[in-house]
Every structure is written in structure tokens, then in C-alpha cells.
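Peer 1: structure, please.
(one chain, ligands or ions: 2)
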Amino acid sequence: MPRALITGITGQDGSYLAEFLLAKGYEVHGIIRRASTFNTHRIDHIYIDPHESNAKMLLHYGDLSDPGLLTELIYNIIPDEIYHLGAQSHVRVSFDMPEFTGNITGLGTTRILDAMRRSGIKSRFYQASSSEMFGSALPPQSETTIFQPQSPYAAAKLYAYWLTVNYREAYNLYACNGILFNHESPRRGEIFVTRKITRAVSNILSGKQHKLFMGNLDAKRDWGFAPEYVEMMYLMLQQETADDYVVGTSESYSVREFINTAFLYAGVEIEWLGEGIQTQGIVKSTSEKWNDRLQIGQVLVEIDPRYFRPTEVDYLKADISKARQKLGWEPRITFDELVNVMMDYDLLQVGITPPSKGINAVVAKGFGWTNHEFANAQALKNDIG
Ligand code: NAP
Ligand code: F7E
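Peer 2: Ligands and ions are numbered 1, 2, ... in the order given. Next up is the predicted model:
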């Protein structure tokens, strides 16, 4: 039975990857951080008590700042594959915590690669590199685009990227960089922009929130569906030789377009007034069911400069030629379907029956290996149970 070790197993990608590998018959080991409250809500639904003979997912306490422990874990587990997804992954937060971000997001990779080198264990290694490393480089961005990072997060990821290349070349390790563009899902962390929007739309429609306060509405991102992207992580480690790949959809939309699409799916048309920090999103029209809750002209979106970044990444759009040709990559979930599935789940969380077009599309396109039990499963149960 193949054995995988996942850092960041409690995160969005780690949870999907664990589900995916378990479905493929892997024994999955994950590193979790000790916290004063439980932080395993994204993987609770696949957890089986390790005393049971069918338990195939085993969790170990650890931290990316602790090299001794990482070495010991790798030495004891002897994984066939290591998926290194753990990181301080929020770009805005990296401006507040640059050194911490460098330590965890950058040096964390060095600690794992060096543990592999020192122990002599021949695991295949996946590094969660990011499109943020392209920064201000013009789109479309590919594996040969020159990196121009625009944040402490991107600089830390770039350091980790080069360490991965260096250890591959210097020590002949099977080590890959997946340069993944933004990927989202109902399990996305609540302070990333997509989930912030889908939660806010749902909260506004259920009367739990009055307005959505946003930063830069004009930033453009290449947004894909996270479960598709974890399949690509796995594929990268199944190739004959290790290499680096860009993964995205090759389509790009602005934050403003994401907001429009999310509201529209729920039956609210938004019109934009003003410019810069005076920009407002107001209700232009609504479906009948919101007549008692929303009024035409009501302000639903405003700008709060607190959410601006000292330096912004304006425009990301992937050139996926290499992954297409070598890995057979073809994105399956469209932008609209992504917004819809996130909206479906966030509407459910606040007790509103969703249109379910997103859920149906995802199921129809073969993502049966995840049932989307997701972040805040308990809150969902409380709300609709
Ligand atoms: P995420 O939801 O923020 O998950 C991050 C994971 O890292 C969590 O499990 C977190 O644990 C763990 N972690 C953080 N600090 C740690 C530490 N000091 N020691 C051990 N574990 C630690 O991120 P994601 O969206 O799943 O992304 C996965 C990886 O891909 C990250 O490296 C991210 O930077 C990278 N990436 C993401 C995207 C994207 O669009 N999602 C695109 C490109 C690259 P807790 O649950 O305890 O916080
Ligand atoms: O921002 C703008 C913001 O925080 C997207 C991480 O997974 O993807 C992610 O990084 C855009 C930016 O993601 C708000 O300025 C406007 O231009 O969702 P985000 P990100 O910074 O692109 C990459 C690939 C990663 O590797 C990272 O780990 O949206 N934006 N207003 C806002 N963003 C947030 N969070 N909140 C706002 O209110």
C-alpha cells in the first residue's frame, strides 16, 4: 500500500488531497498543529479512530518550525510521497507577519527537503508553489516567465521554489514544483476573497450581515476548483522524471466580476456607482423572493482601504500548455460553476435552499470522490439540522 505524508492536511487542499489519496488506496499520514480549539473540521468526516483496523489516515502533531520533529516523522513514516502544503498562506497577512511567513512558508520547505537528504529516504516531494511568485509579470504566465514577487508571501514561496529546484539538481531528489494559480471551493478559508464574498452574499440574504466591505475590486485572478488541482499534485509525482508545472484554467476574472456572479446566482443584480474608495455596489434588481429583504438602490458593497495591499498583484492568467501536453491537464469546472458550487454550500449554511446548479455540475463532472462535507460542518448541521 503506497504511503503519503501531507503537511497542511487540515487546510483546503490538504483535506481534498487526503480524501483523494485514501480513495486511491493510500495510507495517509498528516501533520497537524496543536491548537487550543480543534482545527480538524475539514478532515473530521474522513477520520477513523486509529484503533480500528480500517484506519488509513494517521495524524501526527508537528510544526514546520521544528526541524528535529520533521526529520523524525519522515524517518519513522518512510513515505513514498511527501506533499508539502503547509504554509502561512495568506498574502495580506504576510505583510503583517513577514518574518513568520519567511520562517514557515519559506524555511519550512528547506527543513523537509533537508530531512529527506539527511535521512536518505527516497520520497517523492511536491512543493506547493504559487502563481503569486509571478507578481507583476505580465499575463499569461508560464513555467518560463520571470518571477517578480510582490509580497513577503510570494518572496517566501519563491525561496522555497528555488530550494526545491536546487535539491533536485544537487542531490538528485525527485522534487516537483506545482505552480498553482488560485483554486477555491466550499472549503476555502473564510478570509480569502472568494469565500469572503460567497459567505457575505449568503449572510446578507439571510439578514445576518448588512454590507460587504472589500479591497481592490479590479484585481484579476485565474480561479479554478481545488479538488481538480489536488489531482494534478498527485499526477506530478507519478511521472518518470520530476519537473515543475503551471496549473490554472487560462481564464481570468476580476474580483468585481466574482461579486456580480455570486449575487446574480442568488437572484440579485448589482450595479456599480462611483470610483476608487467611493465605489459602491447597489441593488439594481432582485428576484421576487428577496422583495421583503432588499430594496432597489440599497448599498450592499463598499470599499474599506484596510483590505488594500501595500503592493498588489494585478493580473494573473495561466499559460497551461506544458501541463496540457505532459500531464493531460484540462480544467473541467468553469468559473460560473465554481461560483455556483461555493454559493450553494454557503446558502445551505445559513439555511437558504440553494439553486444547486453548482452542486449538480460538480457531481456530473466526476468529483464523486469528495462529498464536500466541508469547513464548518458542525455549523451547517446546527443551522439546517
Ligand atoms: P490553507 O487552507 O491556508 O492551509 C494551510 C495549511 O498549513 C493548514 O493545514 C495549516 O494548519 C498549515 N500550517 C500553517 N502553518 C503551519 C505550521 N507552522 N506548521 C504546520 N502546519 C502549518 O492553504 P491551502 O489553500 O490549502 O493551500 C495549500 C498550499 O498551497 C499552501 O502552501 C498555499 O500557500 C499553497 N497555494 C495555495 C493556492 C490556493 O489558491 N489555494 C495556490 C497556490 C499555492 P492549520 O489548519 O492548523 O492552520
Ligand atoms: O485575494 C483582492 C486581493 O486573498 C485575491 C492564496 O491562496 O492565491 C491566494 O492569494 C485578490 C487580491 O488570494 C479583498 O487584493 C479585494 O488581489 O483571495 P485572495 P491571493 O492573494 O490571490 C495564491 C495563488 C496563493 O498562493 C495564496 O496562498 O482579491 N481583494 N478585496 C481581496 N482579498 C481579500 N482576501 N479580501 C478582500 O476583502
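
Peer 1: what pLDDT does Gly14 get?
Peer 2: We have a pLDDT of 98 for Gly14.

Peer 1: what's the neighbour count on it?
Peer 2: Number of residues near Gly14 (other C-beta atoms under 10 Å) recorded here: 25. Glycine gets a C-beta too; all of them are placed from N, C-alpha and C.

Peer 1: quick check: Leu316 vs ligand 2, distance?
Peer 2: 7 Å (C-beta to the nearest ligand atom, to the nearest Å).

Peer 1: shouldn't that residue be in contact with Leu180?
Peer 2: No: assessed by C-beta atoms under 8 Å, Leu316 is found out of contact with Leu180, at 11.0 Å.

Peer 1: what sits in contact with each of these two?
Peer 2: Contact criterion C-beta atoms under 8 Å, 6 or more residues apart in numbering; residues shared by Leu316 and Leu180: 131, 248.

Peer 1: run through the residues that contact Arg195.
Peer 2: Neighbouring residues of Arg195 by C-beta under 8 Å, 6+ apart: 184, 188-189, 342, 346.

Peer 1: double-check that it belongs to a helix.
Peer 2: Yes: under DSSP: H, G, I helix; E, B strand; the rest coil, Arg195 falls within a helix.

Peer 1: does Gly178 touch Met232 like I think?
Peer 2: Yes: counting by C-beta under 8 Å, Met232 is a contact partner of Gly178 at 6.5 Å.

Peer 1: more neighbours: which of those two?
Peer 2: Gly178 (24 against 20).

Peer 1: name the residues of the helix or strand containing that one that are buried.
Peer 2: Per DSSP states H and E, Gly178 falls inside strand 175-180. For strand 175-180, a neighbour-count test (16 or more other C-beta atoms under 10 Å) marks 175-180 as buried.

Peer 1: what would the residues you listed look like in JSON lines with distance to Lys220 and pLDDT?
Peer 2: What follows is the buried residues of strand 175-180, written out as JSON lines (distance: C-beta to C-beta, whole Å; pLDDT from 0 to 100):
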{"residue": "Ala175", "distance to Lys220": "31", "pLDDT": "98"}
{"residue": "Cys176", "distance to Lys220": "27", "pLDDT": "98"}
{"residue": "Asn177", "distance to Lys220": "23", "pLDDT": "98"}
{"residue": "Gly178", "distance to Lys220": "21", "pLDDT": "98"}
{"residue": "Ile179", "distance to Lys220": "17", "pLDDT": "99"}
{"residue": "Leu180", "distance to Lys220": "17", "pLDDT": "98"}
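
Peer 1: within reach of ligand 1, which of these are there?
Peer 2: Filtering those for proximity to ligand 1 by C-beta under 6 Å from any ligand atom leaves Leu180.

Peer 1: which member of the buried residues of strand 175-180 is positioned nearest ligand 1?
Peer 2: Set against ligand 1, the nearest of the buried residues of strand 175-180 by C-beta to the nearest ligand atom is Leu180 (3.9 Å).

Peer 1: may I have the phi/psi pair for the closest residue to the closest one other than its chain neighbours?
Peer 2: Distances taken as C-beta to C-beta, 6 or more residues apart in numbering place Val247 nearest to Leu180, at 5.0 Å, with adjacent residues excluded. As for Val247, its main-chain torsions (degrees, to the nearest 10) stand at phi -130, psi 120.

Peer 1: kindly tell me how buried Val247 is, as a neighbour count.
Peer 2: Residues near Val247, counting by other C-beta under 10 Å: 27.

Peer 1: and it, how far from ligand 2?
Peer 2: From Val247 to ligand 2 the distance is 11 Å (C-beta to the nearest ligand atom).

Peer 1: which parts of the stretch 1-150 of the chain sit against ligand 2?
Peer 2: Residues of the stretch 1-150 of the chain lying near ligand 2 (C-beta under 6 Å from any ligand atom): 89, 91-92, 130-132.

Peer 1: give the residue spans of the chain that score low on pLDDT.
Peer 2: 372-385 (pLDDT under 70).

Peer 1: quick one: residues contacting the residue in the chain that ligand 1 sits nearest to.
Peer 2: Going by C-beta to the nearest ligand atom, ligand 1 is nearest to Gly11 of the chain, at 2.1 Å. Residues counted as contacts of Gly11 (C-beta under 8 Å, 6+ apart) are 42, 85-86, 89, 189.

Peer 1: what subset of the residues you listed is buried?
Peer 2: Neighbour counting with 16+ other C-beta under 10 Å marks 42, 85-86, 89 as buried within the contacts of Gly11.

Peer 1: and of the residues you listed, the nearest to Ile74?
Peer 2: Nearest to Ile74 out of these is Gly86 (C-beta to C-beta; 13.6 Å).

Peer 1: sorry, back to before: and the contacts of Arg195, which are buried?
Peer 2: Applying 16+ other C-beta under 10 Å to the contacts of Arg195 flags 184, 188, 342, 346 as buried.

Peer 1: correct me if wrong: the third one contacts Ser185.
Peer 2: In other words, Met342. Yes: the pair Met342 and Ser185 passes the contact test of C-beta under 8 Å, sitting 7.0 Å apart.

Peer 1: need the residues that contact the longest helix along the chain.
Peer 2: Scanning the chain for the longest helix, with DSSP state H as the assignment, gives helix 152-171. With contact meaning C-beta under 8 Å, 6+ apart, helix 152-171 is reached by 87-91, 93-95, 97-98, 101-102, 104-106, 108-110, 113, 116-117, 125, 127, 129-130, 132-133, 135, 147, 149, 173-177, 179, 242, 244, 313.

Peer 1: and the stretch 1-150 of the chain, which residues reach ligand 1?
Peer 2: So far as C-beta under 6 Å from any ligand atom goes, the stretch 1-150 of the chain lies against ligand 1 at 7-8, 10-14, 31, 33, 39, 63-65, 85-89, 104, 128, 130.
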